[in-house]
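Asker: I'd like to go over a predicted model; first the sequence, then the structure.
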There are 2 protein chains.
Amino acid sequence: MSKIDYIKTSEIFKALSNPIRLQMVDFLLDDECCVTDVVNELGISQSASSQHLSILKNSGIVYPEKHGTRTCYKVNNKLTEEIITLLKKINND
Amino acid sequence: MSKIDYIKTSEIFKALSNPIRLQMVDFLLDDECCVTDVVNELGISQSASSQHLSILKNSGIVYPEKHGTRTCYKVNNKLTEEIITLLKKINND
DNA sequence: TTATAATATTATGATATTCTAATATAAAAT
DNA sequence: ATTTTATATTAGAATATCATAATATTATAA
């Protein structure tokens, strides 16, 4: 049982505090995908998609893998993954 | 395994996306306390404390119990409690 | 080598957050 | 009844967020 790093942890929550980014993470966990896939799946603009992915990247939740002209973002944060699992398990009351 | 309500869930994360409020929740889970205790524990102003507690209340994370002139805030959200447990279990990487 | 496709960046306006300072309310004590 | 204690609310300034529109970058294709 470790102490909570409130600053570091709150930054993760800040990244997840937007419904689009939350949906992005959920989508990226299922189907690791490039930006265009995210754009199509979520129905948002390319620019907004890129900016949201950048926020997730800067908070250490996802990382990009370049494949030619495409970029594939993958979730890379244990806390985030466990939280998504938790969200699917319990009915958020 | 239920679907995630991204909007509702992101509102919880927004409430937890501030280090002070995160520490508040952690503190309230251990020692259920009145506003003055929170003020003393966290070393913030009475007004800021009250406003942060109000945000936690409005997001359904805590609820107030009036005892005379004091108000005791208690954590009342399963997701939040499980997340705090998770945070203490894993080393946020 | 130019055109195209995929993604990133920047600027900007609208809105939201958060702090401090000041004031208000409500219960208990004097 | 007035004062004190605990808490809440409001106003305002500084800063942050977010969407859109426009432009830049970079890798491949033609």
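Answerer: Received the coordinates, thanks. Numbering: from 1, shown residues only, chains lettered A, B, ... in the order given.
Asker: who in chain A is up against DNA strand C?
Answerer: Taking C-beta under 7 Å from any atom of the strand, the part of chain A that reaches DNA strand C is made up of A:34-36, A:39, A:46-47, A:50-51, A:53-54, A:64, A:69-71. Where you see a C-beta, it was placed from the backbone N, CA and C, and this is true even at glycine.
Asker: and the residue in chain A that DNA strand D sits nearest to, how close does it get to chain B?
Answerer: At 3.2 Å from DNA strand D, A:Gly68 is the closest residue in chain A, using C-beta to the nearest atom of the strand. Separation of A:Gly68 from chain B (C-beta to the nearest C-beta, to the nearest Å) stands at 30 Å.
Asker: so that residue versus A:Ile61, what's the distance?
Answerer: Relative to A:Ile61, A:Gly68 is positioned 24 Å away (C-beta to C-beta, to the nearest Å).
Asker: and these two? which has more neighbours close in?
Answerer: For A:Gly68 versus A:Ile61, neighbours defined as other C-beta atoms under 10 Å in any protein chain shown are more numerous around A:Ile61 (24 against 5).
Asker: and the more buried one, what does it touch?
Answerer: By C-beta atoms under 8 Å, 6 or more residues apart in numbering or on different chains, the residues touching A:Ile61 are A:12, A:15-16, A:25, A:75-77, A:80.
Asker: backbone dihedrals for the closest residue to it other than its chain neighbours, please?
Answerer: Closest residue to A:Ile61 apart from its sequence neighbours, by C-beta to C-beta, 6 or more residues apart in numbering or on different chains: A:Asn77 at 4.6 Å. Backbone torsions of A:Asn77, given as degrees, to the nearest 10, read phi -140, psi 120.
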